[in-house]
Each structure stands twice: as C-alpha cells, then as structure tokens.
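>>> Could you work out the structure for the sequence below:
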Amino acid sequence: MPLLRTVVIDPGHGGFDPGTHGLIAKEKDIALAISLQLGKMLQQAHPGLKIVYTRTTDIMPGNKPNLQEGIRYRAELANRSGGDLFICIHCNATRQPAGSYPVKRLVRYRITGRGAHKRSVPVYSTTWVKNTVRGTACYIWKADRNVNKSDAISRREELLNGENMGDSTGTAYDLTTPEARMRSLLYEKKYFGNSTLFGTLVEREFVRTGRRSEGLVQRQEGIGVLQATGMPSVLIETGYLTNKEEERYLAGHKGQAEVARNIATAFKHYKDQVEGREKRSDN
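Got it, this is the predicted structure:
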C-alpha cells in the first residue's frame, strides 16, 4: 500500500471572496484553474492517487457564508478525507496597486500671498512607478504554533476512525492520553519536515523554469488553514497579480499549465523521497 494515497487540493478564496486582483484577473479564478489542471496531471501520472478538491467551481468551499467557516470547512474536509498532503493554491500581491502607481515627491516650496497673508506652499511632482515585484513562494505553518497542528493531527485521526481507534480488537484509542499526545507531536515533527521538503521541491521547479523564487516562508501570524490540517501542508503563492507581466502569465492557459506541471513534478520527487524513506525505515 503506497504511503501517499490522498492529496487534497485547495484553490484559494472563491465565491464572494475574490482574493487579490490585478489589472485583468482575480486570484480566485486563477487558483481554481491551476488547481484543476494540477489534479488532472496528478491523476494521470499516479492512477491510484485519490484527489480531493475543496472546491471545483466559483464558490466559497462548502457554500459557507463567511471566511472563517470556509477555512474550517476546508480543514475538516481535508482531515475527514484522510489527506496525506494538503496543497493550497494562491496568488500574491503587493500593497501598491497593480500595474503602476503614482508617487508624489516634494520638489520645492513657493511663496504665495502678500504681507500678513504671505506663506510657503509645498510643490510636488508625481511620478508613475511600475510595480515590478514578482516571484513565487511556499508557506508552511508557523513552527512555534505547534499546539494547533498537533490538535489537528489528533482531529484527523478522530474523524477517520471515530470511536474505533487503536488495535484490531476494536479497542478505542483515547486521544487525550499522554501517549496519544506524544504520538501527535511526533507526527507533527515528521509533517513539518515533509512540508518543508515539498515546499522546497516546488520552489526548485519554479526556478528551473525561470521564475523568481522567494523561497520557503513562515509567515509571522501563521496561516489558519495550514494550522488546522492534520497532515503535511503547504500554501503556494504562484506569483504576483500586481505585476503586469506575471499576471498575464498566470492568467493565460500556458502559464497556468506550466505552474501546474511544476507542482506535479515536485510532487513526483516528493513522493519518491518520502515513500523511499518509509520503505528503508521498515527494513
């Protein structure tokens, strides 16, 4: 039985939540297009692999009415599905507007008025600056928030096995015991390593096709959906929609296919390494 049986693909945002946007495209649409292509590529390359999508159309996953419930639904679906890897697809943006934006610069002061009404007035010039920030990145969960992740690992086991956890006799396995807690922490350490491995392999593939990479990132405030999934989990920022050229690349079928292919290739290398490691440890 292969170690990697189920991959959960999560197209970011959806429905009432468009995510970020550029001049011509919305993040939710690009994330969905790349995700569907990725799932198809993975199934073709690995026929026994089960693909679970958190959404396949333009909706908030689970048709939930707000973002927090949508995040909970994504994580619960991943945990209930027995996911062995969680891949979240997103696009990035800067705080500056897409394309180009105006920057005001103080040039000089001029004197207006006469006598008591005389005053100095600043004079500005406006320059249009092109938004040149581009590149990919892979986010993993914040390591110092391990309690949430180990809780998610326990939750995954609970959802998969219900009350019948443990040995073949059907004896229930108590998730609140020190032994169960220790097992969750050990799995968390393993999953963190696997998440790092997969993210690194994804970024390597992006670089090989000429993309700029911001590397592997742990965001300071953490990412809710990565904390709540009890498995190796990575959020992939496929590029900046605020960069005109990168947006055009991500909005086009060729660019989307290349991004999906990069991730699929990284998955193959990840699968080979992780399953090879497991086989060696069994011998």
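>>> residues near Glu275, how many?
Per other C-beta atoms under 10 Å, the neighbour tally for Glu275 reads 13. No exception for glycine: its C-beta is placed from N, CA and C like everyone else's.
>>> no no, Arg55
When neighbours are counted by other C-beta under 10 Å, Arg55 registers 26.
>>> what about the spatially most central residue of the chain, helix or strand, and which?
When C-alpha atoms, centre = their mean is applied to the chain, the residue found nearest the centroid is Leu235 (1.6 Å). Leu235 is part of strand 233-240 when elements are defined by DSSP states H and E.
>>> Show the subsequent helix or strand relative to that strand.
Heading C-terminal from strand 233-240 (DSSP H and E), you reach helix 244-251.
>>> got the CA coordinates for that next one in CSV?
Only the C-alpha atoms of helix 244-251 are listed here, as CSV (Å, rounded to 0.1, in the frame of the first residue of the first chain):
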residue,chain,number,x,y,z
LYS,A,244,1.6,43.2,-15.1
GLU,A,245,3.8,40.6,-16.8
GLU,A,246,3.4,38.0,-14.1
GLU,A,247,-0.4,38.5,-14.1
ARG,A,248,-0.5,38.0,-17.8
TYR,A,249,1.5,34.8,-17.4
LEU,A,250,-0.8,33.4,-14.6
ALA,A,251,-4.0,34.4,-16.4
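>>> quick one: average pLDDT of it?
Mean per-residue pLDDT for helix 244-251: 98.
>>> next SSE after that helix?
Following helix 244-251 toward the C-terminus (DSSP H and E): helix 253-282.
>>> Could you list the buried residues of that next one?
255-256, 258-260, 262-267, 269-271, 274 (16 or more other C-beta atoms under 10 Å).
>>> can you state the direction angle for the strand holding Leu235 and helix 253-282?
Angle, strand 233-240 to helix 253-282, by axes from the mean of the first three to the mean of the last three C-alpha atoms, to 10 degrees: 150 degrees.
>>> quick check: angle from strand 233-240 to helix 244-251?
130 degrees.
>>> average pLDDT across strand 233-240?
98.
>>> With stretch 47-54 instead?
On average, stretch 47-54 scores 97.
>>> Quote the end-to-end distance of it.
End-to-end distance for stretch 47-54: 20 Å, by C-alpha to C-alpha, to the nearest Å.
>>> Need the contact partners of it.
Outside stretch 47-54, the residues within contact range by C-beta atoms under 8 Å, 6 or more residues apart in numbering are 2, 4-11, 35-36, 39, 42-43, 61, 73-74, 77-78, 81, 83.
>>> from the chain's centre, how far out does it sit?
The chain centroid and the centroid of stretch 47-54 are separated by 18 Å, computed with C-alpha atoms, centre = their mean, to the nearest Å.
>>> Buried residues of it, list them for me.
Leu49, Lys50, Ile51, Val52, Tyr53, Thr54.
>>> so who does Thr196 touch?
Ile140, Leu216.
>>> Confirm it sits in a helix?
Yes: the assignment for Thr196 by DSSP: H, G, I helix; E, B strand; the rest coil puts it in a helix.
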